[in-house]
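Chemist: Kindly generate the corresponding structure for this input.
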Amino acid sequence: MEKLEAVQMLLRAIGSSPVNSLNVAHPDVANALNSLERLRKSVQKRGWWFNTDYNVVFQADINTGEVRIPKEITKFIPAEATFVKRGRQVYNSQTQTFNIGTNVTALKTVRSLEWEDLPSSMQEYAAYLACAQFISDELEDTTKEEKYQKLAGISKIDLDAEDLESIKVNVFHNARVMRARSGQTPYQNRINLRPNSYI
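Modeler: Residues are numbered from 1 along each chain as shown. Reported below is the predicted structural model:
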């Protein structure tokens, strides 16, 4: 879904005329873009299969020793507990300094992607939620708002299913569970023989 198509959805939701460009000087278009942008960022915060990375190395500046974190990184879980994300930098809470002096590995990061980089299922979900929010802001029509909330809920079901399918959730292949069971027979043999199957 193009961003223009999503904005047109928001405009239709409040009974405003559609536009052919996002660059038109129209207050409804500007407000629709703002609503869409808020929801684009909000729905990505939890971390999904498409915006989560693991074992990411952040380079330290050779002059200052500081480690910068790009602004699109919304969640940063470092390998070392003493490191925390403070603003757009890594902070050492033990030595109370930004001068890290070494590269920092993040076990997990969540990145806020631009609209064009989102999968269509997420675009649809964000657009319906934005419609509901836009109606609430512009019309205060609870009936129409609830309609789009329900559509967003249906989209969320599909989105969650796609997320589960993509990460191939299986409790028995969780690293901690496999370590705990690795020394117990017959589980050891079964895990080795069938690494990709449900037990």
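Chemist: in the chain, which segments are predicted with low confidence?
Modeler: When residues are selected by pLDDT under 70, those of the chain lie in 168-199.
Chemist: got the contact list for the residue most central in space within it?
Modeler: Nearest to the mean C-alpha position of the chain, by C-alpha atoms, centre = their mean, lies residue 44 at 2.5 Å. Counting by C-beta atoms under 8 Å, 6 or more residues apart in numbering, residue 44 touches 51, 74, 110-113, 118, 122. All C-beta atoms are positioned from the backbone trio N, CA, C, and that covers glycine.
Chemist: pull the longest helix from the chain.
Modeler: For the chain, the helix that runs over the most residues, judged by DSSP state H, is helix 142-167.
Chemist: Now do the strands in the protein.
Modeler: 52-58, 73-78, 83-86, 89-92, 104-111 (DSSP state E).
Chemist: Direction included, what does the last one pair up with?
Modeler: Paired strands of strand 104-111, with direction, are strand 52-58 (antiparallel), strand 73-78 (antiparallel) (DSSP bridges).
Chemist: Any chance of CSV for those, columns distance to residue 11 and mean neighbour count?
Modeler: Converted to CSV, these look like this (distance: least, C-beta to C-beta, whole Å; neighbours: other C-beta atoms under 10 Å):
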stretch, distance to residue 11, mean neighbour count
strand 52-58, 33, 14
strand 73-78, 28, 18
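Chemist: Mind checking these for the one nearest to residue 160?
Modeler: Across the strands paired with strand 104-111, residue 160 has its closest neighbour in strand 52-58 (14.7 Å, C-beta to C-beta).
Chemist: Quick one: residues in contact with the closest one.
Modeler: Residues from elsewhere that reach strand 52-58, judged by C-beta under 8 Å, 6+ apart: 67-69, 90, 103-111.
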